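*Asks:* With the sequence up front, the predicted model follows.
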Amino acid sequence: SAIMGSRCVMMVDTLPQRLQQPGFETGRRAPWPGFTWASHQGAEIDLVLRRGERLFGVECRRADAPRMTPSIRIALKDLELQRVAVVYPGEQRYPIADRVEAVPLSDLATPGCLYPDPVDQ
């Protein structure tokens with residue numbers, strides 16, 4: 001069955017098998033297993049991370065000031081994402097919309113900075 005809604009391409013029953021394939025693990029279970037997602041209508045999100053039963057999105061942008069996109073809006077709704085981090089080359093972290101935040105690429109080098117409190121705890 002689809003993760004959420006009829007637009008989803010990634011299927012829940014195939015996700016565990018995909019995570020078991022070579023290349024998804026390096027000897028131990030990754031704490032944040034992930035996958036990409038796209039809808040039949042063309043919406044997509046670069047990376048969906050799963051932590052327990054919760055899903056989090058990561059979108060990568062080259063723009064200096066990333067904004068909300070229809071793809072992010074659809075992914076939030078269809079996948080019921082907790083939050084989306086839009087990673088970009090800028091220096092300031094700032095909210096884009098409810099549950100959507102611009103995150104500087106440099107923040108990824110610091111553990112816990114992609115989704116700070118309370119998600120990473």
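*Replies:* Sure, I can see it.

*Asks:* and residue 96, that one's in a strand?
*Replies:* Yes: looking at residue 96 with DSSP: H, G, I helix; E, B strand; the rest coil, it is inside a strand.

*Asks:* That one contacts residue 86, doesn't it?
*Replies:* Yes: using Cβ atoms under 8 Å, residue 96 is in contact with residue 86, at 6.2 Å. Just so you know, the C-beta spots here come from the backbone N, C-alpha and C atoms, and that holds for glycine as well.

*Asks:* Need the overlap of contacts for the two.
*Replies:* 66, 102 (Cβ atoms under 8 Å, 6 or more residues apart in numbering).

*Asks:* between these two, who's got more neighbours?
*Replies:* Legend: neighbour count by other Cβ atoms under 10 Å for residue 96 and residue 86, higher for residue 86 (23 against 19).

*Asks:* Which positions are bridged to the more buried one in the beta structure?
*Replies:* residue 59, residue 102 (DSSP bridges).

*Asks:* backbone phi and psi for residue 70, please?
*Replies:* Main-chain dihedrals, residue 70, degrees, to the nearest 10: phi -60, psi -40.
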